[in-house]
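*Asks:* Following is a predicted model, sequence given first.
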Amino acid sequence: MNPAVRLSTCLGLGASATAAGLVCDVDSGRYALAEAVNVDVVDGRLVRRPGYERLAAIGFTELFSGGADLYGLAGDGLYLIPGQGEPRLVRGGLTPGAPMAFVRLGDTVYYANGHENGCLHQGQARAWAGERCPLPDRIGRYGPPPVGHELAFQAGRIWIAVGEVVHFTLGAGLQDWVDNLGGYLPPFAGRVNLLAPVGGGLFVGDPAGVTYVAGTDPKTMTYARVSPAPPIPGSLALLPAGRHDSLAGHELGGDAALWAAPGGIHLGLPGGRVVRVAAIPVP
């Protein structure tokens, strides 16, 4: 009869490509593994990794992280998705299928889909509008932000694309109001399909390409067409300063942005420079 063998101390995955080369010491109980699936090695013991648990049978089409909160879009509803428990509907009656734009300022998330807009704060929904503007206003100049389809935060303001026009909030903490007489940039060459804040300005995309809007004061901003390639809506990825030092061999040097166009992947750098980092056909 073969003696009983007790293997008590796992060394993790072995370096050998063959079973014969793996550690298996009968005297000490030390052994290595040829393969390990969904397990961790803790103090020489194999511990099964936790699996997955279905929280709700809801098919979310979009997700957005609002700091400590996670929100998801499904059908005509916007849901709060907690770490434990079932998702909770925070707003219904939204236009189904309309892509949602989000932007987060502190603990508040602003959203808009071209048909409806609003705010989310600690899992509660409210209208994106202030009760009373603190600035003097005898003619009704200041009002709630328009319902846009693209959002961005830059230079203390929320920028809101409505068709070919980009509106902006009053800033300085007054994000619930816009100037109805002059709170917008000159119209662009068609429907705006990209708002990308970077160091020093804002990239604005339209069917004719990308314009760099430089500066922080809308009254003195300058405009330069920096790319003839129209961005693909929904392809934007923001690259916040401090998280990435470089991308595709290009030093970022601050807030940057990445997006797709029909001819490839483009990198928008601080100061308004655009570099195509991948020349591939994007449908």
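*Replies:* Thanks, I have it. Numbers count the residues shown, from 1 in each chain.

*Asks:* Is Pro146 part of a helix or strand, or is it coil?
*Replies:* Pro146 falls in the coil class when you classify it by DSSP: H, G, I helix; E, B strand; the rest coil.

*Asks:* ok, now which ones touch it?
*Replies:* Ile160, Val162, His167, Val178 (CB atoms under 8 Å, 6 or more residues apart in numbering). Using the backbone N, CA and C atoms, a C-beta is placed for each residue, glycine as well.

*Asks:* just those residues now: which is nearest Ser28?
*Replies:* Using CB to CB, Ile160 is the member of the contacts of Pro146 that sits closest to Ser28, with 67.3 Å.

*Asks:* was I right about that closest one contacting Gly148?
*Replies:* Yes: under the criterion of CB atoms under 8 Å, Ile160 makes contact with Gly148 at 3.7 Å.

*Asks:* Okay, and which of the contacts of Pro146 map to helices?
*Replies:* With helices taken from DSSP state H, there is no overlap with the contacts of Pro146.

*Asks:* Quick check: phi and psi at Ala20.
*Replies:* For Ala20, the backbone dihedrals (degrees, to the nearest 10) come out as phi -70, psi -20.

*Asks:* likewise Ala19?
*Replies:* Per degrees, to the nearest 10, the backbone of Ala19 is at phi -60, psi -30.

*Asks:* returning to what we had before: where do the contact lists of Ile160 and Gly148 overlap?
*Replies:* Ala112, His167.

*Asks:* Looking at those two, which one has more neighbours?
*Replies:* Ile160 (29 against 22; other CB atoms under 10 Å).

*Asks:* just the contacts of Pro146 now: which is nearest Leu22?
*Replies:* The closest of these to Leu22 turns out to be Ile160 (CB to CB; 60.9 Å).

*Asks:* Report the separation between the closest one and Ala248.
*Replies:* Plainly put, Ile160 is 31 Å away from Ala248 if you go by CB to CB, to the nearest Å.

*Asks:* Quick one, grab the pLDDT at Asp255.
*Replies:* With respect to pLDDT, Asp255 scores 95.

*Asks:* do Asn2 as well
*Replies:* For Asn2, pLDDT reads 65.

*Asks:* same thing with Pro197?
*Replies:* Residue-level pLDDT assigned to Pro197 equals 97.

*Asks:* That one bridge partners, please.
*Replies:* Leu202 (DSSP bridges).

*Asks:* And Leu239, by the same measure?
*Replies:* Under the criterion used (DSSP bridges), Leu239 bridges to Ala256.

*Asks:* Distance to Ala57 and pLDDT added to the contacts of Pro146, as a markdown table?
*Replies:* Compiled in a markdown table, the contacts of Pro146 are given as follows (distance: CB to CB, whole Å; pLDDT from 0 to 100):
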| residue | distance to Ala57 | pLDDT |
| --- | --- | --- |
| Ile160 | 35 | 98 |
| Val162 | 36 | 98 |
| His167 | 39 | 98 |
| Val178 | 40 | 97 |
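
*Asks:* which one among the residues you listed gets closest to Asp137?
*Replies:* Val178 (12.0 Å).

*Asks:* Confirm for me that the closest one is in contact with Gly171.
*Replies:* No: in this structure Val178 lies outside contact range of Gly171 using CB under 8 Å: 10.1 Å.
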